[in-house]
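Colleague: sharing a model prediction with you, sequence too.
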Amino acid sequence: MSEKTRLLAEAYQAAGVKCVATDNIGTARWQKCVWNAAFNPVSVLCGLNTGDILAHQEAFIRTLMQEVCAIAAAVGHPLPETLVDKSIHSTLKMPPYKTSMLVDFEAGRPLETEAILGNAVRAGQEVGAAAPHLETVYALMKLKQAAAAKGG
């Protein structure tokens, strides 16, 4: 880790902002994508908060997360085997909330569909990592955004 990175992390910590510095930003991005690619689009497609999503479709969320993990591993960023369980557990410990993507959708703001979902799907396709559920959610999000753009 560079000295600049360490100093920046220390500045955030000193200001009271939780910050975890890493020397492997690629893997850290994939770890974040595991949660985001599952919860964010599903919340927009269904209009549900995290608690409702897990109460009704935890198995589906796990499947999406596992597909992201498989893609990450296929592109050289293997993630901890416990990541999916930890992500689900930490989400269940928090009070149910709307995801940032759902908040943006309801406010009519642009969505990070490509950054969160499209990049993962394309990375999987490039290396031949099967992600049929993730690809379906991505296709549905593109349709949802097209409908919203038409006022529907």
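Modeller: In hand now; what should we look at? Numbers count the residues shown, from 1 in each chain.
Colleague: need the contact partners of the one helix or strand in the chain whose mean pLDDT sits lowest.
Modeller: Lowest by mean pLDDT, DSSP states H and E among the helices and strands of the chain is helix 3-14, with a mean of 90. Residues from elsewhere that reach helix 3-14, judged by CB atoms under 8 Å, 6 or more residues apart in numbering: 18-21, 23. For every residue, glycine as well, the C-beta is placed using N, CA and C.
Colleague: buried ones among those?
Modeller: Burial by neighbour count, 16 or more other CB atoms under 10 Å: within those this picks out Ala21.
Colleague: need the contacts of helix 3-14 in a markdown table with pLDDT, distance to Asn40 and secondary structure, can you?
Modeller: Rendered in a markdown table, the data for the contacts of helix 3-14 read as follows (pLDDT from 0 to 100; distance: CB to CB, whole Å; DSSP: H, G, I helix; E, B strand; the rest coil):
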| residue | pLDDT | distance to Asn40 | secondary structure |
| --- | --- | --- | --- |
| Lys18 | 87 | 21 | coil |
| Cys19 | 83 | 22 | coil |
| Val20 | 80 | 21 | coil |
| Ala21 | 83 | 25 | coil |
| Asp23 | 78 | 27 | coil |
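Colleague: just send the contacts of helix 3-14 back as a markdown table, with distance to Gly118 too.
Modeller: Conversion of the contacts of helix 3-14 to a markdown table gives the following (distance: CB to CB, whole Å):
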| residue | distance to Gly118 |
| --- | --- |
| Lys18 | 28 |
| Cys19 | 27 |
| Val20 | 26 |
| Ala21 | 28 |
| Asp23 | 27 |
